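With the sequence up front, the predicted model follows.
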Amino acid sequence: MKNCNFCKILKGEIEASFVLKSENVSAFMDINPINKSHVLIVPNDHHERFSSVKTSVVGEMFKVAQSCLKAIEMTDIACEVDD
């Protein structure tokens with residue numbers, strides 16, 4: 001999609017700090033994070049709706065999310081929203 005910021009990030013048109021890039025999924029730091037550990041995990045193919053992402057890719061996204069969270073939990077970086 002022409003105006004999709006996630007697609008622009010994945011194409012390198014917008015700078016991002018990547019945590020992971022795989023064949024189907026990418027993870028990168030949020031430019032406007034809720035907290036210091038806010039990682040965005042997206043499918044590499046554009047989708048208008050989450051419901052249109054292949055189940056296998058959704059599964060990979062959740063595996064990546066769990067791996068990122070485990071790594072963050074091993075640091076002193078807060079992973080909860082600051083009140």
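In hand now; what should we look at? Everything quoted here is computed from the prediction, not taken from an experiment.

elements contacting the longest helix anywhere in the chain?
Assignment by DSSP state H gives helix 55-73 as the longest helix of the chain. Helix 55-73 is packed against strand 18-21, strand 25-29, strand 39-43, with contacts defined by 3 or more Cβ pairs under 8 Å, 6 or more residues apart in numbering; DSSP states H and E. All C-beta atoms are positioned from the backbone trio N, CA, C, and that covers glycine.

what angle sits between that helix and strand 25-29?
30 degrees (axes from the mean of the first three to the mean of the last three Cα atoms, to 10 degrees).

Check the offset of helix 55-73 from the chain's centre.
9 Å (Cα atoms, centre = their mean, to the nearest Å).

Spatially central residue in this structure, please.
residue 41 (1.8 Å; Cα atoms, centre = their mean).

show me the contacts for it.
Each residue near residue 41 by Cβ atoms under 8 Å, 6 or more residues apart in numbering is listed here: 25-27, 61, 64-65, 68.

please redo it, this time with the cut-off set to 7 Å
Residue 41 makes contacts with 25, 27, 61, 64-65, as judged by Cβ atoms under 7 Å, 6 or more residues apart in numbering.

What is the nearest of these to residue 78?
Ranked by distance to residue 78 (Cβ to Cβ), the contacts of residue 41 are led by residue 65 at 17.2 Å.

Distance of that closest one relative to residue 19?
11 Å (Cβ to Cβ, to the nearest Å).

just residue 58 next, same as before
18 Å.

count of neighbours near the residue nearest to the residue nearest to the centre of the chain when sequence neighbours are not counted?
Using Cβ to Cβ, 6 or more residues apart in numbering and skipping residues adjacent in sequence, the residue nearest residue 41 is residue 27, 4.6 Å away. Using other Cβ atoms under 10 Å, residue 27 has 19 other residues around it.

Over to residue 36?
Neighbour tally, residue 36, other Cβ under 10 Å: 13.
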